[in-house]
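Chemist: Coordinates for the following, if possible.
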Amino acid sequence: MARAKTSRRRKSSSGLARYLTTERVIIGGALLITALFFVFIIVDGISRQPPDINLSTVPDNSVAFASQGRNHIQEGELHPAYNSDPPTSGWHYPRDARLGVYTTPIADETLVHNLEHGHVWLSYRDADDQEALDLLRDIQRRYPQNVIVTYRPQNSTRIAAVAWGRLLALDEPDADQLYAFVLRYRNRAPENLGG
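Modeler: Reported below is the predicted structural model:
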């Protein structure tokens, strides 16, 4: 009787082994990886879609500042004071910063160059403000060709949104205000490079 059980086990395992050939395992694995890849692409694409915001329902609480020009200066060179904090135009370094999210400060003079290119600069004041950072990071992820995020401890408010000639200062995170600011003021500068 022990031989009959062993024989049955061999037959069932050999049937599975015959079915799971190397080719079938490779093809099945490739199909699974392909399916997972497409699911990832679709989910990622959906998560990057900007929220549907009706600009007519979100008041523009930003402030306009007169342009202070767009003169290039060398790194470390002194210049007159900016007329806004953070600056919205004026003296800046010859190179801008790559778009993305930075948890360390970047010189205002570098970021003014980003503004000149039509980018929107979002900054947060408190290094440990995870709520603000998460919101700003999400906005940058949805507008990767338009937005740069930095930590800026000298901000007078919790969050500042800056575009060429415009400043929105927020004491509390307000997603609608920030998204509306990006939509209103991206690519509205002397040298638009944004997408």
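
Chemist: all contacts plus neighbour counts: C-alpha atoms, from now on.
Modeler: Noted.

Chemist: Where do the helices of this structure begin and end?
Modeler: Using DSSP state H, the helices of the chain run over 2-19, 22-48, 108-116, 130-142, 175-185.

Chemist: Select from these the stretch with the lowest mean pLDDT.
Modeler: Among the helices of the chain, helix 2-19 carries the lowest mean pLDDT, a mean of 57.

Chemist: And stretch 89-108, what's buried?
Modeler: Ser89, Gly90, Trp91, His92, Tyr93, Asp96, Leu99, Gly100, Val101, Tyr102, Asp108 (16 or more other CA atoms under 10 Å).

Chemist: what's the span of that stretch, first residue to last?
Modeler: This stretch, stretch 89-108, spans 10 Å end to end (CA to CA, to the nearest Å).

Chemist: Identify the residues contacting that stretch?
Modeler: By CA atoms under 8 Å, 6 or more residues apart in numbering, the surrounding residues in contact with stretch 89-108 are 67-75, 79, 82, 86-87, 109-116, 127, 137, 140, 144-153, 164-165.

Chemist: Let's see which of those residues end up in strands.
Modeler: Mapping the contacts of stretch 89-108 onto strands (DSSP state E) picks out Val147, Ile148, Val149, Thr150, Tyr151.

Chemist: Leu167 is in contact with Ala64, correct?
Modeler: Yes: between Ala64 and Leu167 there is a contact under CA atoms under 8 Å: 6.6 Å.

Chemist: Compare those two (neighbour count), which wins?
Modeler: Taking neighbours as other CA atoms under 10 Å, Ala64 and Leu167 compare with Leu167 leading, 24 against 14.

Chemist: For the closest residue to Pro86 other than its chain neighbours, give its distance to His92.
Modeler: Counting by CA to CA, 6 or more residues apart in numbering, Pro86 lies nearest to Asn155, which is 6.9 Å off, once chain neighbours are set aside. The gap separating Asn155 from His92 is 19 Å, by CA to CA.

Chemist: Now do the contacts for the one residue sitting closest to the centre of the chain.
Modeler: In the chain, the residue lying closest to the centroid (CA atoms, centre = their mean) is Gln140, at 2.1 Å. Gln140 is in contact with Gly100, Val101, Asn146, Val147, Ile148, Val149, counting by CA under 8 Å, 6+ apart.

Chemist: Tabulate the residues you listed (JSON lines), appending distance to Asp52 and pLDDT.
Modeler: Listed next are the contacts of Gln140 as JSON lines, based on distance: CA to CA, whole Å; pLDDT from 0 to 100:
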{"residue": "Gly100", "distance to Asp52": "22", "pLDDT": "98"}
{"residue": "Val101", "distance to Asp52": "23", "pLDDT": "98"}
{"residue": "Asn146", "distance to Asp52": "17", "pLDDT": "96"}
{"residue": "Val147", "distance to Asp52": "18", "pLDDT": "98"}
{"residue": "Ile148", "distance to Asp52": "21", "pLDDT": "98"}
{"residue": "Val149", "distance to Asp52": "22", "pLDDT": "98"}
